[in-house]
Each structure stands twice: as C-alpha cells, then as structure tokens.
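>>> Show me how the following folds:
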Amino acid sequence: MADEKKMSLTGHLSDLRRSIMVSLIGIGLGFLAAWNFTGPILSFLQTPIQPVQSKLLIIAPTEAFFTQLKVAFLAGVMISLPLVLHQLWSFISPGLHSSERSLTLPFVILSTICFLIGAAFAFFVVMPFGIQFLVGYAGAAYSASITVGNYISFTIRMLLVFGIVFEMPLVSFLLTRFGLLTPAVLGRNRRYAIVLMFVAAAILTPPDIFTQVLMAGPLLVLYEVSIGTSKLALRRRKTRETADES
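Residues are numbered from 1 along each chain as shown. Coordinates of the predicted model:
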C-alpha cells in the first residue's frame with residue numbers, strides 16, 4: 001500500500017512537471033511570436049497613461065531592452081493562455097469523474113474569457129482612473145516623469161492580478177460541482193472574505209487606497225456572483241446525483 005501511494009505521488013509529480021514544461025514551452029513560443037511586435041503592443045499598452053504623460057522616460061541604458069522583454073512576456077502569456085489552462089485542467093482531471101472530465105473545452109473557453117474580461121477591466125477602467133488620480137494627486141507642484149520600465153511592470157501586474165481574480169466565479173462553480181464547496185459556506189464566511197479581499201487588494205495593488213478600493217470593489221461583486229454560480233452548480237450536482245440513483 002505504501003508503494004502504491006508512493007507511486008501515485010510520483011505519478012502526480014510527473015504529471016505536474018509535464019504540465020509545467022508544456023505551459024512554459026507555450027509561453028516561450030508566444031514570447032518569440034510577439035517579439036517582433038513589441039513596438040505596437042507597447043504603444044497600445046501606453047493608452048491609459050497618454051492623458052497624463054505623452055511619452056515615457058528611459059533612465060537606464062538597459063531599460064528599453066528589458067521593457068521589450070516584459071512586453072513580449074506579457075504577450076506570450078496572453079497568446080498561450082488557452083494552452084496553460086488546458087494543462088491545468090489536464091493535471092486535475094484524473095481525479096475527477098468521467099462526466100466531469102468532459103468539461104475540458106468549456107473550462108478552457110470560460111476561464112480564458114474570464115481572464116480576458118478581468119484584464120480588460122483593469123486596462124480600460126482601473127488603470128486610467130487610478131493613474132489620473134495618483135498623478136493628479138501630486139498637484140501642480142510636480143510634473144509627471146514616469147519611466148517606461150516602471151509603467152510596464154505596473155501594467156503587467158494589474159492585468160495578471162485582475163485576470164486571475166475574475167476567475168473566482170468559475171472556480172466557485174467547479175469546486176461546488178466537485179463537492180468541495182457549498183453556497184452556504186460562502187455565505188457564512190462573507191464577512192471574513194471581505195476582510196481578506198481588502199488585505200489582498202492592499203498586497204496585490206500599488207500602495208494607495210484608491211487603487212485598492214478599485215480592486216476590492218470588483219472583488220466584492222465577484223464574491224456575490226460566486227455565491228450565485230455555486231448555487232447553480234449545487235442544483236446541477238443534485239440533479240445529476242438524482243439521475244444516477246434512478
């Protein structure tokens with residue numbers, strides 16, 4: 001029995017290593033595909049800051065090169081996102097029932113859509129308001145002199161964080177579908193979740209209250225949506241269990 005458990009653990013680690021390697025290869029190929037298009041991508045990524053500062057600064061000889069690396073990396077993640085999510089599902093699917101394994105395509109499509117919606121929300125809503133507020137808060141005493149490296153790092157963090165956060169309703173649906181979560185648990189722990197959301201917003205966003213509120217607000221809405229998707233998943237799970245019994 002111990003050998004079987006050991007082999008089982010070894011098999012899981014092997015699958016995890018394979019999934020990580022495939023995901024990294026996918027991101028690397030996306031990185032290479034985007035390398036020659038970093039100029040237009042960088043111009044697009046500067047859209048939220050254009051009203052504040054028309055041209056970003058470079059203060060180090062290597063800053064332009066490393067900025068190009070960051071932009072290509074972000075594009076590589078976006079391009080390979082369906083592959084990465086498919087590898088994630090492939091890793092967890094062996095522990096699921098056969099009927100649940102058929103959710104591969106819906107999971108990949110919906111999780112990709114949720115991530116892109118979160119990234120778009122960050123880029124088109126949070127960042128423009130946040131940047132204008134933070135820079136405008138300095139008043140006339142200062143002039144905006146933001147470097148391209150700092151801005152792109154800020155942009156990448158915002159897009160990735162909001163993309164991951166917007167996966168919350170889908171994750172709640174799947175966990176409830178698999179019997180690991182219930183709407184009652186989510187409802188009972190709402191007050192604790194609110195505190196954790198503001199703590200997470202303080203950790204994941206820049207150290208200012210305005211951006212933290214802009215992130216915590218959608219988190220609260222997503223939590224309520226997650227309760228709704230959990231209720232939907234619970235009804236479907238009960239219907240499936242009733243059908244199996246009959």
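>>> what sits against the closest residue to residue 172 other than its chain neighbours?
The spatially closest residue to residue 172, leaving aside those adjacent along the chain, is residue 226, at 3.8 Å (Cβ to Cβ, 6 or more residues apart in numbering). All C-beta atoms are positioned from the backbone trio N, CA, C, and that covers glycine. Applying Cβ atoms under 8 Å, 6 or more residues apart in numbering to residue 226 gives the contacts 168, 169, 171, 172, 173, 186.
>>> Can you flag which of those belong to helices?
Among these, the members found in helices (DSSP state H) are 168, 169, 171, 172, 173, 186.
>>> Can I get these in CSV including distance to residue 91 and pLDDT?
Formatted as CSV, the ones in helices among the contacts of residue 226 follow (distance: Cβ to Cβ, whole Å; pLDDT from 0 to 100):
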residue, distance to residue 91, pLDDT
168, 20, 91
169, 21, 91
171, 15, 90
172, 20, 91
173, 19, 88
186, 25, 89
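>>> in the chain, which spans are helices?
Using DSSP H, the helices found in the chain span residues 2-35, 38-45, 63-92, 98-101, 104-121, 127-136, 148-165, 168-177, 183-188, 190-204, 209-245.
>>> Minimum distance to residue 57: which of those has it?
Residue 57 lies closest to helix 148-165 among the helices of the chain, at 6.7 Å (Cβ to Cβ).
>>> Next, name the residue at the spatial heart of the chain.
The centre of the chain sits closest to residue 164, judged by Cα atoms, centre = their mean, with a distance of 1.8 Å.
>>> Quick check, that one in contact with residue 115.
Yes: counting by Cβ atoms under 8 Å, residue 115 is a contact partner of residue 164 at 7.1 Å.
>>> Which neighbours do the two have in common?
Common neighbours of residue 164 and residue 115 (Cβ under 8 Å, 6+ apart) do not exist.
>>> Poorly predicted segments of this protein, please.
Filtered on pLDDT under 70, the chain yields the residue ranges 1-9, 94-100, 137-142, 204-208, 210-211, 241, 243-246.
>>> Please report how far residue 14 lies from residue 91.
11 Å (Cβ to Cβ, to the nearest Å).
>>> which of those two has more neighbours?
residue 91 (16 against 10; other Cβ atoms under 10 Å).
>>> Assess the claim that the more buried one and residue 16 are in contact.
Yes: Residue 91 is within contact range of residue 16, at 6.0 Å (criterion: Cβ under 8 Å).
>>> and residue 116, what does it touch?
Counting by Cβ under 8 Å, 6+ apart, residue 116 touches 81, 163.
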